[in-house]
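Enquirer: Got a predicted model here, sequence first, then my questions.
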Amino acid sequence: MSNIRTQFGPVTNFEITLNGLASGAARSSAKVENQNSRYIDAICQFKIKPATGSLGDRYSVYFLAWGAADDVSPIFPSGVTGVDESVSVALETVAIRQVGSLYVPSSGILISPPFSVAQGFGNVLPPVWGVLAVNRCGLALDASDNIAFWRGVQFEVV
């Protein structure tokens, strides 16, 4: 009798520049193409280091997922082009799904819990996807030590 179990792909860094991300600013990752690997989900995690100073009113960095069903001519959400770039976004009106947040009670290195990206798409990862980081902690992120990475999730039959 066969068993089905979860298998994780390699740890892969996002192409997203988080170092120096100003408070109130947002940054989109470069697109991740999923049509060949066919992962059903991606687990992502973030390491951030806010600069020293006074925290703002929301004290968090928010993480959102964006995607496209067409991998040949993807149509991205407003402001996203599929490359690592600054994006103008109002968190309250953004039309893409939040997949996680990281509470920032003080400066110093903080590690987010692992987040499922597929939850933003009805639990199935689309052929093209990426993440958006929105800094609302009241401090810019430090000029170094900020990274984001992910691992694909698929099933294997053993």
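Expert: Right, received. Where do you want to start? Numbering: from 1, shown residues only.
Enquirer: Work out which residue lies at the spatial centre of the protein.
Expert: The centroid of the chain falls nearest to Val131 when counting by CA atoms, centre = their mean (3.4 Å).
Enquirer: so which strand or helix has it?
Expert: Taking DSSP states H and E as the definition, one finds Val131 inside strand 128-136.
Enquirer: Quick one: list the elements packing against that strand.
Expert: strand 26-28, strand 32-33, strand 41-48, strand 60-68 (3 or more CB pairs under 8 Å, 6 or more residues apart in numbering; DSSP states H and E). (C-beta placed from N, C-alpha, C; glycine too.)
Enquirer: Within its sheet, name the partner strands of that strand and how each one runs.
Expert: strand 26-28 (antiparallel), strand 32-33 (antiparallel), strand 60-68 (antiparallel) (DSSP bridges).
Enquirer: For Asn19, which residues are in contact?
Expert: Applying CB atoms under 8 Å, 6 or more residues apart in numbering to Asn19 gives the contacts 141-146.
Enquirer: Please read the previous query as pertaining to Ile16.
Expert: 27-30, 84, 131, 133, 148 are the contacts of Ile16 under CB under 8 Å, 6+ apart.
Enquirer: Not counting sequence-adjacent ones, nearest residue to the residue nearest to the centre of the chain?
Expert: Spatial nearest neighbour of Val131, excluding adjacent residues (CB to CB, 6 or more residues apart in numbering): Ser29 at 4.9 Å.
Enquirer: To Ile109, which of the helices and strands packed on strand 128-136 lies closest?
Expert: Closest to Ile109 of these, according to CB to CB: strand 41-48, at 6.5 Å.
Enquirer: and the angle for the closest one with strand 128-136?
Expert: Relative orientation of strand 41-48 versus strand 128-136 (axes from the mean of the first three to the mean of the last three CA atoms, to 10 degrees): 30 degrees.
Enquirer: buried set for strand 41-48?
Expert: 41-46, 48 (16 or more other CB atoms under 10 Å).
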